[in-house]
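1. Generate coordinates for the sequence data below:
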Amino acid sequence: MNKIIYHGFTLFELLIVISISVLIFSLVGNDFFFKKTYDDIIRGKLIHALHLTRSEALTREEMVTLSKQGAWENGYVISTETELLYYIKNPHQPSSLLHWRAFPKNRTDIEFLPNGFLNAENGTFWFCVPGQVNPRWAVVLSQTGRARELLPNKQGELILVNGEHLLC
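-> Numbers count the residues shown, from 1 in each chain. A predicted model of the protein is given here:
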């Protein structure tokens, strides 16, 4: 009598292995693959606030201002001359610093004109963590009101277009 020998796995065995794999991935892999760091959140909220402020200026056809709430790392206020439009709060992390530098140097608020341009030449935000010499990232704001991210090079340095090194 010839006996048929099957090689392989049954459907039930495959379902058990897949369900155990999914369970392990959901417990362990979630933080590994989907965790955002604090500085990613701050950068995302800053870029969102810049785009929102510019969009409001274009839509309302009036000057709209982005101001810091105490310090830039705490949050942002978007307003016109007559009304408060938005308040964007950042998660609390007291040890980090978000710096802003504009040209001319004494500007502390960011004003978008009705055409979406800045009421200044340009500016740069950069994010520092105490104890580190180099910033983790920067956001460069052009005179036309467009924001772009600047990430460190392989040596961990942030270098602007003009060759200037940003330091904390």
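
2. Longest helix of this protein, counting residues only.
-> helix 38-60 (DSSP state H).

3. those helices in the protein, which residues are they?
-> 11-24, 30-34, 38-60.

4. among the ones you listed, which is the most enclosed?
-> Counting by mean count of other C-beta atoms under 10 Å, helix 38-60 has the highest mean neighbour count of the helices of the chain, with a mean of 18. Where you see a C-beta, it was placed from the backbone N, CA and C, and this is true even at glycine.

5. Share the number of residues neighbouring residue 132, please.
-> Around residue 132 there are 11 other residues, counting by other C-beta atoms under 10 Å.

6. and of the helices of the chain, who's closest to residue 166?
-> The closest of the helices of the chain to residue 166 is helix 38-60. By C-beta to C-beta, the value is 14.4 Å.

7. any idea of the mean pLDDT in the closest one?
-> Averaging pLDDT along helix 38-60 yields 91.

8. With stretch 15-31 instead?
-> On average, the pLDDT along stretch 15-31 is 80.

9. which residues touch the residue nearest to residue 41 when sequence neighbours are not counted?
-> Here the nearest residue to residue 41 in space, its sequence neighbours aside, is residue 91; by C-beta to C-beta, 6 or more residues apart in numbering that works out to 6.2 Å. Residues in contact with residue 91 (C-beta atoms under 8 Å, 6 or more residues apart in numbering) are 38, 41-42.
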